[in-house]
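Participant: Kindly return the folded structure for what I paste below:
(one chain, ligands or ions: 1)
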Amino acid sequence: MTTASAAATAVVNAGPLDDALRQLSAAVELLAYDEGLHQLLAKPRREMAVSIPLRRDDGTVEVLTGYRVQHNFSRGPAKGGLRYSPDVTLDEVRALAMWMTWKCALLDVPYGGAKGGITLDPANYSTAELSRVTRRYTNEILPIIGPDTDIPAPDIGTDEQTMAWIMDAYSTSVGHTVPAVVTGKPVNLGGSLGRQSATSRGVVHIALAALAYRGATPSRASAAVQGFGKVGSGSAQFLAEAGVQVIAVSDRYGAVHNKAGLDIAALQAHVAQTGSVVGFVGADTIDSDDLLTLDVDLLVPAAVEGVVNAANAHRIQASIVVEGANGPTTSEADEILHARGVLVVPDILANAGGVIVSYFEWAQGNQAYQWTADEVEQRLESRMKQGWKSVLDTATRRDLTLRQAATVTAVSRVAEAHLTRGLFP
Ligand code: GLU
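Facilitator: As a prediction, the model looks like this:
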């Protein structure tokens with residue numbers, strides 16, 4: 001795992017669920033919805049907690065905890081990633097599921113929102129053990145997932161192999177192959193070209209749009225990226241390819257810095273070899289906490305929740321924050337950054353590239369027809385740019401922050417779908 005840990009930077013905060021609920025309340029107030037509708041949007045429609053007994057390779061048995069939360073189905077099947085992390089809690093999964101609902105609605109992807117998690121650090125388990133955990137978890141949540149019900153995808157600590165195991169366990173159980181039960185599958189099992197890089201490509205489309213909006217030229221801009229996993233590594237790469245000087249990156253083990261700009265391709269090769277950014281020649285080691293407050297134009301937190309918080313928001317020097325992670329900025333920090341004139345591009349817009357291409361994968365599967373990598377990338381770019389334009393227009397027209405504009409748009413789409421369907425019975 002190459003995801004930076006929040007523990008080092010997070011101060012005591014009420015947590016991601018509190019942040020998600022505060023964002024929803026602000027949107028509900030702007031939309032003048034009544035309390036009944038507010039509660040309907042605040043509460044997950046369905047959630048499941050399961051025990052997962054795992055036989056370790058040494059024969060001992062360990063019992064892990066897994067969750068699947070389905071926040072909303074008003075616009076379509078629930079959709080969202082599955083996270084493997086020792087820090088996973090039910091409240092965190094609830095927050096992440098709610099953000100998936102808003103993300104899908106904002107980008108007009110025909111899904112509701114869901115999220116899953118298992119309390120484990122994949123770095124401490126063998127591939128065979130991870131396969132057993134994944135299959136047993138799939139078996140436990142089987143009654144509530146399916147291609148028209150709830151479609152898992154990768155998130156922190158999971159990847160296309162995890163999706164292949166879920167697809168296999170599900171298919172074996174129902175008696176026929178069901179590729180559409182997950183997205184983010186390997187391409188040889190019906191995965192989409194361009195899915196692996198989709199989130200980070202999307203982050204960079206948005207980052208470049210935000211730089212242009214603030215009058216900055218990419219070749220004269222600098223960036224720091226927190227996290228060097230699927231999202232952070234790709235974001236650093238595509239930023240560098242666009243001419244931006246990426247001067248610092250971090251992972252859970254440490255941070256590296258070079259004020260002349262890091263050679264991202266060489267750094268990726270170093271990580272592939274050693275498992276961490278630490279020890280990369282051609283860079284100085286810096287404290288991971290200091291990465292967030294470096295003097296850069298663009299900061300991309302691409303790891304976990306709560307890292308930009310009341311303890312460091314006053315010291316952030318970047319003029320633009322693009323949220324590659326889900327929920328990296330606490331509500332307190334959001335207010336501080338807004339007051340200081342920092343442009344924060346919210347997660348539900350900035351990192352939506354992943355679920356957009358998940359939707360493309362599902363659509364390709366349903367059509368039994370594969371799109372080319374170029375087609376996928378062009379459609380992704382056009383959706384991200386359209387999303388940016390519509391959020392910026394709403395923010396300008398209604399004098400809102402980008403997060404308020406994005407949340408209001410998303411929440412109103414979900415509420416309207418719900419109201420059009422009507423309440424059963
Ligand atoms: N885990 C990703 C996210 O947080 C992707 C979810 C998906 O593709 O369903 O957006």
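Participant: tally of neighbours for the closest residue to the ligand within the stretch 101-250 of the chain?
Facilitator: Proximity to the ligand, evaluated over the stretch 101-250 of the chain using C-beta to the nearest ligand atom, is greatest for Ala153 at 3.3 Å. Quick note: C-beta positions are derived from backbone N, CA and C, even for glycine. Around Ala153 there are 28 other residues, counting by other C-beta atoms under 10 Å.
Participant: Enumerate the residues of this structure near the ligand.
Facilitator: Lys79, Gly80, Gly81, Ala153, Asp155, Thr183, Gly184, Asn326, Asn351, Gly354, Val355, Ser358 (C-beta under 6 Å from any ligand atom).
Participant: and the residue in the stretch 1-150 of the chain positioned nearest to the ligand, what does it touch?
Facilitator: Minimum separation of the stretch 1-150 of the chain from the ligand (C-beta to the nearest ligand atom) falls at Gly81, amounting to 2.7 Å. Gly81 makes contact with Leu96, Met100, Lys115, Gly116, Pro152, Ala153, Pro154, Asp155, Ile156, Thr158, Gly184, Gly354, according to C-beta atoms under 8 Å, 6 or more residues apart in numbering.
Participant: where does the fifth one fall, phi/psi-wise?
Facilitator: Summarising the backbone geometry of Pro152 under the convention degrees, to the nearest 10, its torsions are phi -70, psi 160.
Participant: Mind pulling up the pLDDT for it?
Facilitator: In this model, Pro152 is scored at 98, pLDDT.
Participant: thinking again about what came up before, and the residue of the stretch 101-250 of the chain closest to the ligand, what element?
Facilitator: strand 150-154 (DSSP states H and E).
Participant: Contacts for that strand next, please.
Facilitator: Taking C-beta under 8 Å, 6+ apart as the rule, strand 150-154 contacts 68, 70, 77-82, 111, 114, 116, 144-145, 160, 162-163, 166, 180-184, 230, 354-355, 358, 362.
Participant: Kindly provide the whole-number mean pLDDT of the longest strand along the chain.
Facilitator: Counting residues, the longest strand found in the chain (DSSP state E) is strand 61-72. Model confidence over strand 61-72, given as mean pLDDT, is 98.
Participant: same thing with stretch 26-37?
Facilitator: 98.
Participant: now do the same end-to-end measure for it.
Facilitator: 14 Å (C-alpha to C-alpha, to the nearest Å).
Participant: now do stretch 141-149
Facilitator: End-to-end for stretch 141-149, by C-alpha to C-alpha: 12 Å.
Participant: where does the protein dip in pLDDT?
Facilitator: 1-12 (pLDDT under 70).
Participant: Find the closest residue to the ligand in the stretch 251-400 of the chain.
Facilitator: Taking C-beta to the nearest ligand atom, the stretch 251-400 of the chain has Ser358 as its residue nearest the ligand, at 3.3 Å.
Participant: quick one, what contacts the residue lying closest to Leu142 once chain neighbours are set aside?
Facilitator: What sits nearest to Leu142 in space, not counting adjacent residues and going by C-beta to C-beta, 6 or more residues apart in numbering, is Ser173, at 5.8 Å. By C-beta under 8 Å, 6+ apart, Ser173 lies in contact with Thr138, Asn139, Leu142.
Participant: Just the buried subset of those residues, please.
Facilitator: Buried members of those, scored by 16 or more other C-beta atoms under 10 Å, are Thr138.
Participant: Mind checking which of the contacts of Ser173 are in helices?
Facilitator: Assigned to helices by DSSP state H, the following of these qualify: Thr138, Asn139.
Participant: count of neighbours near Trp165?
Facilitator: Considering only other C-beta under 10 Å, Trp165 is surrounded by 19 other residues.
Participant: Please identify the helix or strand for it.
Facilitator: Going by DSSP H and E, Trp165 is part of helix 160-174.
Participant: Give the next helix or strand downstream of that helix.
Facilitator: Helix 160-174 is succeeded, C-terminally, by helix 198-213 (DSSP H and E).
Participant: Output the longest helix belonging to the protein.
Facilitator: Max-length helix for the chain by DSSP H is helix 373-398.
Participant: before we move on, the earlier item: if I look at the residue of the stretch 1-150 of the chain closest to the ligand, how far off is Val93?
Facilitator: 10 Å (C-beta to C-beta, to the nearest Å).
Participant: any common contacting residues for these two?
Facilitator: What both Gly81 and Val93 touch, as defined by C-beta under 8 Å, 6+ apart, is the set Lys115, Gly116.
Participant: where along this structure do the strands fall?
Facilitator: Going by DSSP E, the chain shows strands at 46-55, 61-72, 78-84, 113-118, 150-154, 222-226, 245-251, 254-257, 284-286, 298-301, 320-322, 343-345.
Participant: Strand partners (parallel or antiparallel) of the third one?
Facilitator: Spelled out, it's strand 78-84. Using DSSP bridges, strand 78-84 pairs in its sheet with strand 113-118 (parallel), strand 150-154 (parallel).
Participant: which of these sits most buried?
Facilitator: Per residue and on average, the most neighbours among those fall to strand 113-118, with a mean of 30 (mean count of other C-beta atoms under 10 Å).
Participant: How far off centre is it?
Facilitator: 11 Å (C-alpha atoms, centre = their mean, to the nearest Å).
Participant: and the angle for that strand with strand 61-72?
Facilitator: Going by axes from the mean of the first three to the mean of the last three C-alpha atoms, to 10 degrees, strand 113-118 is angled at 170 degrees with respect to strand 61-72.
Participant: Using PDB, write down the CA coordinates of strand 113-118.
Facilitator: Output of strand 113-118 as PDB, limited to C-alpha atoms (Å, rounded to 0.1, in the frame of the first residue of the first chain):
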ATOM      1  CA  GLY A 113     -24.300   5.800  -3.800                       C
ATOM      2  CA  ALA A 114     -22.700   3.000  -1.700                       C
ATOM      3  CA  LYS A 115     -19.400   2.100  -0.100                       C
ATOM      4  CA  GLY A 116     -17.900  -1.000   1.600                       C
ATOM      5  CA  GLY A 117     -15.000  -1.600   3.900                       C
ATOM      6  CA  ILE A 118     -13.100  -4.300   5.700                       C
END
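Participant: got the angle for that strand vs strand 46-55?
Facilitator: Using the same axes, to 10 degrees, strand 113-118 lies at 20 degrees relative to strand 46-55.
Participant: Return the residues in contact with Ala373.
Facilitator: Leu193, Gly194.
Participant: Could you do Glu381 as well?
Facilitator: Glu381 sits in contact with Arg201, His205, where contact means C-beta under 8 Å, 6+ apart.
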